[in-house]
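Chemist: Predicted model, plus sequence, below.
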Amino acid sequence: MKSITSVLETLFNSHKLNKEDCLVLLSQLDEEGVREQLSAEAVRLRRQYYGDKVFTRGLIEFTNICKNNCFYCGIRRDNANVNRYRLSKQEIMQCCKEGYALGFRTFVLQGGEDGFFTDDVMCNIISEIKAHYPEVAITLSLGEREMESYRRMKQAGADRYLLRHETANEAHYRMLHPDEMKLSNRKSCLYALKELGYQVGAGMMIGSPGQTYECLADDLVFLQELKPHMVGMGPFIPHKDTCFAKEQAGSVELTLAMLSIVRILLPSVLLPATTALGTLDPKGREKGLLAGCNVVMPNLSPVKNRKDYALYDNKICTGDESAQCIKCMTNRVEAAGFHLVSERGDSAAYGDDADFKY
Ligand code: 5AD
Ligand code: FES
């Protein structure tokens, strides 16, 4: 077994780790100086690629209706306590109008897998946003769909797609999802999205029930293989109406270490400091930025719907005070020593020299 010192050397010099190296690193995070070295190198790299910029995305949670039954998720099909909603196209356009005025140049349309939003409906919404705001980037987060569907939405103007793989470990995937969902399908979707020219985001929760260091090592190996432009990672937080109501939340410390490791493995990656991290720790998002994150995603959804998009308990930014998330976020980013910018914020690895950048 390699020593932790030589694993860190491999990581910092080659930006690669095999599964055995990942296991050494994860099991020795508590050795003296390891966490500090990881965060210092992660911040150095994010500065090299992105300076002190933090990109912002306006998150529009446009439907909480979902045909899936993921065991961890608060809006799973079987949760009868959810007040279900869908935003109309007019409501979505209103969110974009407010967001644009606030300086957002990326809108993320996120929702459950809701059959109402067919390709025709989605393409219509995407083209309308692009017609009004040609210079904004549109990110979709609508789960698993057919390649043809992804192709049509790209054609209509979508730029990016977020689809967390949730776990790259087959046995762990089975602990988190009902039988009808398949890890292989999720991975195929991610490769298809990349093939179609989307900037693609994968990712996973940290500390989800049954997750071991081996699962996280599999995630790190998978991320190196996929080379996504974005990686969404936040702590697991139990939701009272799910199978995992009584499970423990993930650890903030481990989430921060994983964020730093991913930044070092994929130096130009777009890495959000997530709402889940901010929910578990009042300074979570600032800590995320200081661990290598370079993106924040304030909520732009209508305040009246926010509490109904609860994937986990005690989610922040759902009360009346949160109508002005952007101001709150600006202050937080500045306090952490970075600068919130009003730009599309494309991945530094997107375009002709994509492979070179890794
Ligand atoms: N805790 C933390 N994150 C969650 N997600 C879903 N449920 C939870 C939970 N209970 C994450 C999933 C999903 C993303 C939109 O939110 O990783 O992909
Ligand atoms: Fe939403 Fe602070 S970012 S209230």
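Modeler: On my side now, so go ahead. Ligands and ions are numbered 1, 2, ... in the order given.
Chemist: my read is Y72 is in a helix, agree?
Modeler: No. The assignment for Y72 (DSSP: H, G, I helix; E, B strand; the rest coil) gives coil, which keeps it out of a helix.
Chemist: ok, how many other residues are close to the residue nearest to it when sequence neighbours are not counted?
Modeler: Using Cβ to Cβ, 6 or more residues apart in numbering and skipping the chain neighbours, the partner closest in space to Y72 is F244 (5.3 Å). C-beta coordinates here come from the backbone N, C-alpha and C atoms, glycine included. F244 has 21 neighbouring residues, counting by other Cβ atoms under 10 Å.
Chemist: show me what contacts F244?
Modeler: 71-72, 208-209, 236, 238 (Cβ atoms under 8 Å, 6 or more residues apart in numbering).
Chemist: The closest residue to ligand 1 within the stretch 101-250 of the chain and L311, how far apart?
Modeler: Using Cβ to the nearest ligand atom, the closest approach of the stretch 101-250 of the chain to ligand 1 is made by R164 at 3.7 Å. Here the criterion is Cβ to Cβ, to the nearest Å. By it, R164 lies 11 Å from L311.
Chemist: Check T242 too.
Modeler: 9 Å.
Chemist: Give the residues shared as contacts by these two.
Modeler: Contacts common to T242 and L311, judged by Cβ under 8 Å, 6+ apart, are 73-74.
Chemist: How about the secondary structure of T139?
Modeler: Per three-state DSSP, the secondary structure class of T139 is strand.
Chemist: dump the residue contacts of it.
Modeler: 57, 106-109, 158-162, 201.
Chemist: Up against ligand 1, what does the stretch 101-250 of the chain have?
Modeler: Contact residues, the stretch 101-250 of the chain versus ligand 1 (Cβ under 6 Å from any ligand atom): 164, 166, 205, 234, 236-237, 239.
Chemist: In strands, which of these fall?
Modeler: 205, 234 (DSSP state E).
Chemist: Quick check: the gap between L26 and ligand 2.
Modeler: To ligand 2, L26 is 30 Å away according to Cβ to the nearest ligand atom, to the nearest Å.
Chemist: what's near enough to touch the nearest residue to that residue once chain neighbours are set aside?
Modeler: Take L26 and drop its neighbours on the chain: the residue closest to it by Cβ to Cβ, 6+ apart is Y213, 4.3 Å away. Y213 is in contact with 22-23, 26-27, counting by Cβ under 8 Å, 6+ apart.
Chemist: Top of those residues by number of neighbours, please.
Modeler: Going by other Cβ under 10 Å, C22 tops the contacts of Y213 with 23 neighbours.
Chemist: and the gap between it and H229?
Modeler: Here the criterion is Cβ to Cβ. By it, C22 lies 21 Å from H229.
Chemist: what do you get for R344?
Modeler: In terms of Cβ to Cβ, R344 sits 13 Å off from H229.
Chemist: between these two, who's got more neighbours?
Modeler: Neighbour tally, R344 and H229, criterion other Cβ under 10 Å: the higher count belongs to H229, 23 against 15.
Chemist: Would you agree that one is in contact with Q199?
Modeler: Yes. Applying Cβ atoms under 8 Å as the test, H229 and Q199 come out as touching, 4.1 Å apart.
Chemist: Which neighbours do those two have in common?
Modeler: Both H229 and Q199 are contacted by 160, 270, 347, 350, under the criterion Cβ under 8 Å, 6+ apart.
Chemist: what's the nearest residue to the residue nearest the centre of the chain if we skip its chain neighbours?
Modeler: The centroid of the chain falls nearest to G232 when counting by Cα atoms, centre = their mean (2.4 Å). Excluding its sequence neighbours, the residue lying closest to G232 (Cβ to Cβ, 6+ apart) is G203, at 3.5 Å.
Chemist: so that neighbour, which of the three states?
Modeler: Under three-state DSSP, G203 comes out as strand.
Chemist: got the buried residues for the host helix or strand of Y49?
Modeler: Y49 is part of helix 34-50, with elements assigned from DSSP states H and E. By 16 or more other Cβ atoms under 10 Å, the buried positions in helix 34-50 come out as 34-35, 37-39, 41-43, 45-46, 49-50.
Chemist: follow-up on the earlier one: against G115, how distant is the residue nearest to the centre of the chain?
Modeler: As judged by Cβ to Cβ, G232 and G115 stand 24 Å apart.
Chemist: returning to that earlier point: could the contacts of T139 be laid out in JSON lines, adding secondary structure, neighbour count and pLDDT?
Modeler: As requested, the contacts of T139 are exported to JSON lines (DSSP: H, G, I helix; E, B strand; the rest coil; neighbours: other Cβ atoms under 10 Å; pLDDT from 0 to 100):
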{"residue": "R57", "secondary structure": "coil", "neighbour count": "26", "pLDDT": "97"}
{"residue": "T106", "secondary structure": "strand", "neighbour count": "22", "pLDDT": "98"}
{"residue": "F107", "secondary structure": "strand", "neighbour count": "24", "pLDDT": "98"}
{"residue": "V108", "secondary structure": "strand", "neighbour count": "22", "pLDDT": "98"}
{"residue": "L109", "secondary structure": "strand", "neighbour count": "27", "pLDDT": "98"}
{"residue": "A158", "secondary structure": "coil", "neighbour count": "26", "pLDDT": "98"}
{"residue": "D159", "secondary structure": "coil", "neighbour count": "19", "pLDDT": "98"}
{"residue": "R160", "secondary structure": "strand", "neighbour count": "25", "pLDDT": "98"}
{"residue": "Y161", "secondary structure": "strand", "neighbour count": "28", "pLDDT": "98"}
{"residue": "L162", "secondary structure": "strand", "neighbour count": "26", "pLDDT": "98"}
{"residue": "G201", "secondary structure": "strand", "neighbour count": "27", "pLDDT": "98"}
